[in-house]
Each structure stands twice: as C-alpha cells, then as structure tokens.
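> I'd like to go over a predicted model; first the sequence, then the structure.
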Amino acid sequence: MGNIQKVRGFQDIYGENARRYRLVVDTAREIFKLYNFKEIILPYLEDISLFKRSVGEETDIVQKEMYTFTDRGGRQIALRPEGTASCVRAYIEEKLYGEGGYHKLFYEGAMFRYERPQAGRYRQFHQVGAEVFGVSSVYADAEMILMINNLLKSLNIQTRLEINTLGTFESRRNYSEALKVYFSQFRDSLCETCRGRLERNPLRIIDCKVESCREIAKGSPVITDYISEESKERFEKLLNLLDRFGINYRVNPGLVRGLDYYTDTVFEFITDRIGAQGTVAAGGRYDRLVQQLGGPPTPALGFAAGVERLMLLLDSVQEKEKLFSVISLTEDQFPKALEFIETLRKNGIKGELVLRSGSLKSMMKVADKFKADFVIFVSDRCELKDMKSGEQITFLSDGDLIDYIIRELKTV
Ligand code: HAM
C-alpha cells in the first residue's frame, strides 16, 4: 500500500512558508487593530442555505465549488467558502445590530472551495478579512481601501487597484436583465459556461476569459447606463478621496466580482507576479445583504485577502531572533547545561539544548542543522562560539556569560 497523501488542493505549510503565513496574518491583525476592528472567530461549518442566500444560488462557488455533506442529524452542511456570509449571520444571530448597529469585525482562517488547483489557487486556502456594519458613508469605503493599501505596503507588496461601481441593488438587477436580453442573441456563440450563466448570472459573462465571449461582451450594455445619479456621485466622491491620498487605481467597468451580494463599490488589488490567480485582496459594499438574510436594513462593506497569494509575493522571511545552541561536553554536565539554557529562555533568549550525546563533531552537526548563531560549550568552563565569525570566547563563570549574552548579543 502506498503512503497516504494530502488531499488534492490542500497544503502543509511549514518552514519558511509557515513564517510567511505568520507574517501575513500578524501584520493584518496589527493593521486591523489600528483601524479599531474587533476579532470574530467564526465556525468552519455553516448551514448550506447561508451561502445559497448570500453568495448566490447561481454563482460558481455555490453551484460547483462548495464542500458539502449531510451530518448525522440530517442537516445540510457546507465548509465555509468565504467569511462574509458567516459574519453577517453572526451579526444578525448575535443581535449585534442591537448595540447601535455600528460594528467593525475582522477574521482570519481557512476557507474551502473545490476549484481546479494551480499556482495561487488551492482547495483549502486562508483569508484575512474585515467587515464594517451599519455605515453607509463613502468615507468608510475610502478607509477600507486605505487600510488594505497600508497592509500591502507593510508587507512590501506592490499591486494595482481596480475599482468599479455596480450601483444599487435595483440598478444591478435592471442591468442584469439587460445583459440577459443582449447575450441571448448570441447564445450559440457563447462558451458552455456562459450559456449556463445566461439564465442564472449574466453579469459574470462580462468577465469571461474565452475569446469568443470577450468579443461578444464588447458590444454589451454598459453598467454606467443603469446606475443612478446618486450612485455615480458617490463613486466620483470615492475616486476623489483616493486621489487625495495618492492611491492609484483603474476604473474597470467589467469588474463585477464572483459573489452576488455586492452593491455600489467593488474593488480588487491585483498583481501580475503570480500568474493567472493575481487577485490578492478583494471586496466591496453589500448594503442589502443583512436585510436579505433576515436582519434589519444595514449598510455594510468589507474585503478579504488571500493569505497564500500574499505569501507568494513576500521577500524571504528569516527568523529574527538569534539561536543559542548549548552543548554539554560531558554527560555529567547535562544538568548544568539544562539549567543554563532555561536561564537564557527566562531572559527571552531562544535556546536549543543539543540532546544527542556523542562526539563533539556530531553535536556540532546538530547545532548546524538548527542553524545556531552561537554555540555555548558547557564543561567546567563556559565557552561561547560565534558560528559566523568562528570567534570563541571563554568566560570565568556562567553568570558572566549570561550577562554578556543579554548585554551584547540578544538583539544582534
Ligand atoms: P473573493 O474574491 O472570493 O471574495 O476572495 C477574496 C480573496 O481570497 C481572493 O482575492 C484571493 O486572494 C483569495 N482566494 C479566493 N479563492 C482562493 C483559492 N481558491 N485559493 C487561494 N486564494 C483564494 C470573498 O471571499 C469575499 N468574502 C470578500 C469580501 C469581504 N467582500 C466583502 N467582504
């Protein structure tokens, strides 16, 4: 029997990748806190109907990408494909609207979509995301974009921003109808996927990548003709705010997003550096969703970033803290070595006690494997070796050595 392998599209994240993961998530958390977002830890499993009613019955996610099962109690369950729906469910279920309605929540964690795996696209992936409830001000849209921009800047990741407005719920519906009428004339020339979309989700035909569909889409009704003056003004105001803060963007009227709940602002931060899966962060407004899921009318907006995609874009991430490996030169000095290393750790210094006794050479090999910056030899004397320079210093007492490490080397 062969070895058991991980499920297709799932990943083990370890070594430098684990450091990249941590850096992305920790940086996002810091930024979210600066903007006064509060954490919400959401379940991984939800009732299937939550996603049908929010992400949309006719979207790719719900139609073909969800991991679903029936639990032992006969409930229809889905592994969450995204975080917004759960956030909204919680907002309603926990009656957060009762506390004045104005809430800023952030989350992180695994999401699941049965997509075709490729670079930057996995079946289990992670998101960091944030949602604002109860605010319709356009300044909230601007702040959200500024926040994402700051996150990407902190990670030293360059992207371009594409932005669009879908108008209100009603104008979006009207536009959708107009597209249906238009694309129906070309039914036979559309790709198979788009023929399916025609009835269910004509908006998505606009960003189909198939050449024949792109050609047809060139002559399709444009969204601007369906958007109210109010929405247009709102969008202009947002663009002016972005200008004011020096944020570059491209208005892309074809940007419609793959989830059904958006109204007015939608945006994507995109890179060309990781192939076809270039959207690293995306989001927008969803002013109808809370109501649609049974809550009181509540404007809202949010975004999510793909942690793995950001990880691919990071420069190398090294461990910051220096490692001190302690080698006991004789068997009977181990208690002293253990005491020594515990003292280092109490002082916030990272230490590894080499626990394979044997020749000095074999113990040094262990220290090398752990990439020790310094090795401490414990015998009746105390010696410190700088692995980079090869320099070796002998100390009169353990205390002297510890003082020296704390003073001179801890933060080298
Ligand atoms: P989304 O565009 O479906 O939006 O996903 C957001 C981000 O998650 C994507 O831009 C991408 O970086 C990452 N992502 C999505 N699918 C995969 C995958 N299969 N593998 C790796 N990364 C992936 C949402 O999920 C919305 N909930 C965003 C939002 C929040 N809108 C309003 N609030």
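Alright, I've got the coordinates.
> quick one: the closest residue to residue 162 other than its chain neighbours and the ligand, what's the gap?
Leaving aside its sequence neighbours, residue 162 sits nearest to residue 252 (CB to CB, 6 or more residues apart in numbering; 4.3 Å). All C-beta spots, glycine's among them, are computed from the backbone N, C-alpha and C. Distance, residue 252 to the ligand, using CB to the nearest ligand atom, to the nearest Å: 14 Å.
> quick one, what contacts residue 252?
With contacts defined as CB atoms under 8 Å, 6 or more residues apart in numbering, the neighbours of residue 252 are 162, 163, 164.
> Distance to the ligand and secondary structure added to those, as a markdown table?
Output for those, formatted as a markdown table (distance: CB to the nearest ligand atom, whole Å; DSSP: H, G, I helix; E, B strand; the rest coil):
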| residue | distance to the ligand | secondary structure |
| --- | --- | --- |
| 162 | 12 | strand |
| 163 | 14 | strand |
| 164 | 14 | strand |
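> Who are the contact partners of the residue in the stretch 101-250 of the chain positioned nearest to the ligand?
Residue of the stretch 101-250 of the chain nearest the ligand, by CB to the nearest ligand atom: residue 125 (3.4 Å). Neighbour list for residue 125: 110, 111, 113, 306, 307, 308 [criterion: CB under 8 Å, 6+ apart].
> what about the last one, neighbour count?
Summarising burial for residue 308: neighbours were counted as other CB atoms under 10 Å, giving 23.
> Can you report phi and psi for it?
As for residue 308, its main-chain torsions (degrees, to the nearest 10) stand at phi -60, psi -40.
> Need the pLDDT of it.
Among the per-residue scores, residue 308 shows a pLDDT of 97.
> in stretch 387-399, what's buried?
For stretch 387-399, burial by neighbour count (16 or more other CB atoms under 10 Å) applies to 387, 395, 398.
> What of stretch 334-348?
Within stretch 334-348, the residues scored as buried using 16+ other CB under 10 Å are 336, 337, 340, 341, 343, 344.
> And for the last one, nearest residue in space, chain neighbours not counted?
Taking CB to CB, 6+ apart, and ignoring the residues beside it in sequence, residue 344 has residue 351 as its nearest neighbour in space, at 4.4 Å.
> Let me know the distance separating that neighbour from residue 318.
According to CB to CB, to the nearest Å, residue 351 stands 18 Å off from residue 318.
> These two: which is more packed in?
residue 351 (21 against 8).
> so what's that one up against?
323, 324, 325, 326, 341, 344, 345.
> for residue 276, same thing?
118, 120.
> At which residues are the strands of the stretch 1-150 of the chain located?
Along the stretch 1-150 of the chain, the stretches classed as strands by DSSP state E, counting those that start in this stretch are 38-39, 45-47, 68-70, 76-79, 103-112, 124-133.
> Check the average confidence over the second one, would you?
On average, the pLDDT along strand 45-47 is 98.
> Same check on stretch 376-391?
92.
> likewise stretch 223-240?
The average pLDDT within stretch 223-240 is 94.
> Tell me how far it lies from the chain's centre.
29 Å (CA atoms, centre = their mean, to the nearest Å).
> swap in stretch 82-101?
Centroid separation between stretch 82-101 and its chain, computed with CA atoms, centre = their mean, is 20 Å.
> So which bits of that stretch are buried?
So, applying 16+ other CB under 10 Å, buried residues of stretch 82-101: 82-92, 96-97, 101.
> what's the first-to-last distance across stretch 200-213?
16 Å (CA to CA, to the nearest Å).
> Could you list the residues in contact with that stretch?
Outside of stretch 200-213, the residues within contact range by CB under 8 Å, 6+ apart are 56-60, 63, 172, 175-176, 179-180, 183, 189-191, 193-194, 197-198, 214, 216-217, 220, 254-256, 258, 260.
> thinking again about what came up before, give me the subset of the buried residues of stretch 334-348 that lies in helices.
Those of the buried residues of stretch 334-348 mapping onto helices are 336, 337, 340, 341, 343, 344, per DSSP state H.
> how about those in CSV, adding distance to the ligand?
Compiled in CSV, those are given as follows (distance: CB to the nearest ligand atom, whole Å):
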residue, distance to the ligand
336, 50
337, 45
340, 45
341, 40
343, 44
344, 40
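> which among the buried residues of stretch 387-399 gets closest to the ligand?
Sorting the buried residues of stretch 387-399 by how near they are to the ligand, with CB to the nearest ligand atom, puts residue 387 at the top with 38.3 Å.
> Am I right that that closest one is in contact with residue 372?
Yes. Contact criterion CB atoms under 8 Å: residue 387 and residue 372 qualify, at 5.8 Å.
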